[in-house]
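Visitor: 3D, please:
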Amino acid sequence: MKFEKVLVTGTGGQLGSYTAAELKGLCEVHGFDAKGARGDFPHRVGDITDPVAMARACKGMDAVIHIAARPNIWSGTGDDIVRVNTMGVWTVLTAAEAAGVRRVVLCSSDSVVGFTVMSAGLKPPEYLPIDAAHPLRPTDPYAISKLLGEEVGRAFVTRGKLEVIALRPVFVLYPEMEGEVKARAANPAAYRGVTVGGPNPAGGGPAWHYVDPRDVARAFRLALEVEAPRFASYFISGPNTLAPEPTLERLRRVLGVDVPVQRPEVYARNPFAPLYDLQAARDDLGYEAEFDRRLLLYPAKAADAQ
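Guide: Modelled structure (predicted):
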């Protein structure tokens, strides 16, 4: 690990705690969250929009992984989500820059594309797979806040003192959400929300994207290890989707039209490949998903395909 001291915000939550565990033994991890830490490492309790608290947390750090946020559309009012997430990025980057931190890795989301929340006015993709050049058309507060956060990160890189990388994880499939994704897969037509006690409904947008939290945590580590990064936003996904039918067939049924495919070999090689282009994350960061959670829903079919 090239950075000796790394601050991880959000260590009182799930993804932050997975990321801190991934970094354990590789660097000196420090945590920050509005709640107590899930792990054994130095941890400050505070608000990511508090400049004084963030200045103290960033002091002496070499890098920051900023995960703390309102994590989804169910986590507050629209006003609260946009305020906390956008001002949180601004406050963290301002404090990091002032403290001489070299690199910040931001947790963004695939929702910036505008194709994840069914009730938010989905716009069909212009082409597949969706890459970094694809238009971004978020409409819900969470997605808007994440796009604003990326733009704040880009601005700080332009200022010339920080290295910033943004990761765009898809729906993170935590163990406590497994029951919900199973319930959705068992009866998609009838699934209308929390059915078996999950903290929120099964997500992943129309294609049922997912990524294992261990893969996301590893992506954050890889973003710290890359040499001489450029500002970029990388999609982070599992190796496939959880939808019952192949990706192109699924999208055709949901949208009623065929979306142009710029790289047909992606879906020829893996019919259940995500809508998102993972090549940039593979080439620049060395990211490759290790955990195939389709096996959770379709073990027999997965075995037949091998």
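Visitor: Quick one: low-confidence residue ranges for the stretch 151-300 of the chain.
Guide: Across the stretch 151-300 of the chain, the ranges flagged by pLDDT under 70 are 300.
Visitor: in it, which spans are helices?
Guide: 178-186, 213-225, 247-255, 264-269, 279-280, 294-297, 299-305 (DSSP state H, counting those that start in this stretch).
Visitor: Spell out the secondary structure type for Pro135.
Guide: Recorded secondary structure, Pro135: coil (DSSP: H, G, I helix; E, B strand; the rest coil).
Visitor: and what of the one 4 residues further on?
Guide: Under the three-state scheme (three-state DSSP), the conformation of Thr139 reads as coil.
Visitor: Does it touch Thr116 like I think?
Guide: No. If you go by C-beta atoms under 8 Å, Thr139 and Thr116 don't touch, sitting 10.1 Å apart. No exception for glycine: its C-beta is placed from N, CA and C like everyone else's.
Visitor: Neighbour count: these two, which is higher?
Guide: Per other C-beta atoms under 10 Å, whichever of Thr139 and Thr116 has more neighbours is Thr116, with 25 against 14.
Visitor: mind checking pLDDT for the more buried one?
Guide: Thr116 carries a pLDDT score of 86 in this model.
Visitor: who's in contact with it?
Guide: By C-beta atoms under 8 Å, 6 or more residues apart in numbering, Thr116 lies in contact with 109-110, 143, 171, 203-205, 209.
Visitor: Repeat that for Leu297.
Guide: 181-182, 185, 242.
Visitor: Format those as JSON lines; extra columns: distance to Glu126 and neighbour count.
Guide: Shown next, in JSON lines, are these (distance: C-beta to C-beta, whole Å; neighbours: other C-beta atoms under 10 Å):
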{"residue": "Val181", "distance to Glu126": "28", "neighbour count": "24"}
{"residue": "Lys182", "distance to Glu126": "33", "neighbour count": "15"}
{"residue": "Ala185", "distance to Glu126": "29", "neighbour count": "18"}
{"residue": "Leu242", "distance to Glu126": "24", "neighbour count": "23"}
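Visitor: Max pairwise distance over the residues you listed: which two?
Guide: Lys182 and Leu242 (9.8 Å; C-beta to C-beta).
Visitor: Now for the two: what residues contact both?
Guide: 296-297.
Visitor: Give me the below-cutoff pLDDT ranges for the stretch 1-150 of the chain.
Guide: In the stretch 1-150 of the chain, residues with pLDDT under 70: 118-120.
Visitor: what do you get if the cut-off is 90, keeping everything else the same?
Guide: 1-2, 36-40, 71-75, 116-124 (pLDDT under 90).
Visitor: Now do the strands in it.
Guide: 5-9, 28-33, 43-45, 63-66, 103-107 (DSSP state E, counting those that start in this stretch).
Visitor: Buried residues of the shortest one, list them for me.
Guide: Using 16 or more other C-beta atoms under 10 Å as the burial criterion, the residues of strand 43-45 that qualify are 43-44.
Visitor: Kindly list the longest helix within the chain.
Guide: Counting residues, the longest helix found in the chain (DSSP state H) is helix 78-99.
Visitor: for it, which positions count as buried?
Guide: Here helix 78-99 shows 81-97, 99 as buried, counting by 16+ other C-beta under 10 Å.
Visitor: tell me the angle that helix makes with strand 28-33.
Guide: Between helix 78-99 and strand 28-33, the angle comes out at 150 degrees (axes from the mean of the first three to the mean of the last three C-alpha atoms, to 10 degrees).
Visitor: Can you verify my assumption that Lys59 contacts Val101?
Guide: No. When contacts are counted by C-beta under 8 Å, Lys59 is not listed as touching Val101 (9.4 Å).
Visitor: Give me the more crowded residue out of the two.
Guide: Between Lys59 and Val101, counted using other C-beta under 10 Å, the more crowded position is Val101 (25 against 14).
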